[in-house]
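In: My questions concern the predicted model and sequence given below.
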Amino acid sequence: MIHNIHGFCLLLLLAWIAGCDNVHEFPGENPADPSLVEIDITMNIDMRIDLEIDMGVPASDITRQTYASMLDGDYDVRYIIDIYEADDTKKNSVSNRVKRIVKTESEIPTAGEYHLDETIRLPVKKYRMITWIDFVTKGTTTDKYYNTEDLQKIAIILPNGTYQGYNSTRDAFTATVEMDLTPYRGQRYIQYEAVAEVVRPFAIYRIITTDIDEYKTYHQTLSYASIQPNTTNVAYNLFFPMGYNAYLYAPDNFRAGIAYSYDITETAPEKEALLASDYVFVKDDTFYTIDFEILSSEKQHINTVNGLRINLKRNQVTTIRDEFLTKDLNDGKVGVDDRFTDEIIIRI
């Protein structure tokens, strides 16, 4: 009888060992299904921007200083990763999100590479990974400039219902990556590396006036402080994109009547000034036209320009320089000027 009991216990032990055959450990991790594929995610981020090419300082150094000061202050950089099951019947969208990861960091990666420190394991299927990087209020993951609930329907947030122009903290980056894990079906303990080459989803433009000296000669009896260019009111003609589809790399949510006010800053004291600047969601090469009015420090009208065309390319800066303070066209009416040829397009 005792021999039978011992034999029965031995059979139970062997059965238990056999039942454990489908559960193994990835090195240093908790037990996991070995048929799942472990995903290693890296984002390559080039944050360089040549907005200050006239200053004789390398663009990479300026960018690092700009973002370092932001992160030392009131902002963190936020990383969003959405993983969807791929559906080959849908070419323009994805719907079944299987995982969302949101991380914030207080420093930018000095080598331009962000490595996700979280283990992700997925069944053997096809996936689409959509990534979004932006800046948020320090210590939070809450949307600040963009509604990111759905990265296929990113929307610009309007503080107090007002659109704002260029602000370095509105910068953002995105990428979409296809992950086909089906070749690993039937294999065990597979590690898959997913690399996202992120880029800006928009173009940037700058409008610079070069005629402050000439403008001052028209008002020699007045102090420069009283006539100094102070504010530019900018209005986009027709429709302007207020949203972005990160899956399709395409702007959307076009709206009419978008306008903003910009605080003028002198780029060369009492000689040149930055009148207006903005981020614009784009996909292919495109252009927008704007009307703008320039006001003095005492809110007096200086000049108006109508129908200025701005050519745009994604992830590049367009700089237009001209005599916007003093130029008078079309029999005293300022309008479209075909002499606005001093346009510089710079790769970011």
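Out: Arrived safely, thanks for sending.
In: Now do the contacts for residue 326.
Out: By CB atoms under 8 Å, 6 or more residues apart in numbering, the contact list for residue 326 reads 211, 214, 215, 218, 303. No exception for glycine: its C-beta is placed from N, CA and C like everyone else's.
In: if I look at it, how far off is residue 228?
Out: Going from residue 326 to residue 228 by CB to CB, to the nearest Å gives 15 Å.
In: And for residue 143?
Out: Going from residue 143 to residue 228 by CB to CB gives 36 Å.
In: How about residue 234?
Out: From residue 234 to residue 228 the distance is 19 Å (CB to CB).
In: now do residue 285
Out: Where residue 228 is concerned, residue 285 sits at a distance of 36 Å (CB to CB).
In: swap in residue 136?
Out: Distance from residue 136 to residue 228, by CB to CB: 35 Å.
In: Which of these two has more residues huddled nearby?
Out: residue 136 (21 against 18; other CB atoms under 10 Å).
In: So for stretch 284-292, what gets flagged as buried?
Out: Residues 288, 290, 291, 292 are the ones in stretch 284-292 that count as buried (16 or more other CB atoms under 10 Å).
In: Take it, keep the C-alpha atoms, and write them as CSV.
Out: Below are the C-alpha coordinates for stretch 284-292, written out as CSV (Å, rounded to 0.1, in the frame of the first residue of the first chain):
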residue,chain,number,x,y,z
ASP,A,284,3.7,67.5,-48.6
ASP,A,285,5.2,70.7,-49.9
THR,A,286,2.5,73.4,-49.6
PHE,A,287,1.9,77.1,-49.0
TYR,A,288,-0.4,79.3,-47.0
THR,A,289,-1.2,83.0,-47.4
ILE,A,290,-1.5,85.4,-44.5
ASP,A,291,-2.6,89.0,-43.8
PHE,A,292,-0.9,90.8,-41.0
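In: Could you list the residues in contact with it?
Out: For stretch 284-292, the external contacting residues (CB under 8 Å, 6+ apart) are 207, 232-238, 240, 275-276, 280, 304-314.
In: again with stretch 239-250
Out: For stretch 239-250, contacts defined as CB under 8 Å, 6+ apart pick out 92-94, 128, 130-132, 151-156, 174, 176, 201-202, 251-256, 258, 280-283, 288.
In: cool, and stretch 78-90?
Out: Against stretch 78-90 from outside (CB under 8 Å, 6+ apart): 41, 43, 94-105, 114, 116, 120, 122, 125-136, 141, 148, 151, 178-180.
In: Among the residues you listed, which are located in strands?
Out: Residues of those located in strands (DSSP state E): 41, 43, 97-105, 114, 120, 122, 126-136, 178-180.
In: Kindly write the ChimeraX command that selects the buried subset of the residues you listed.
Out: To isolate the buried members of these in ChimeraX, using 16+ other CB under 10 Å:
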select :41,43,103,104,114,120,122,127,128,129,130,131,132,133,134,135,136,179
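In: and the closest residue to residue 103 other than its chain neighbours, what helix or strand is that in?
Out: Distances taken as CB to CB, 6 or more residues apart in numbering put residue 79 closest to residue 103, at 4.6 Å, once the chain neighbours are dropped. Secondary structure from DSSP states H and E places residue 79 in strand 75-85.
In: Name the residues of that strand that come out as buried.
Out: Within strand 75-85, the residues that qualify as buried are 75, 76, 77, 78, 79, 80, 81, 82, 83, 84, counting by 16+ other CB under 10 Å.
In: Quick one: residues contacting the first one.
Out: What it means is residue 75. 135, 136, 137, 138, 169.
In: same thing but at 6 Å, please
Out: Residues in contact with residue 75 (CB atoms under 6 Å, 6 or more residues apart in numbering) are 135, 138, 169.
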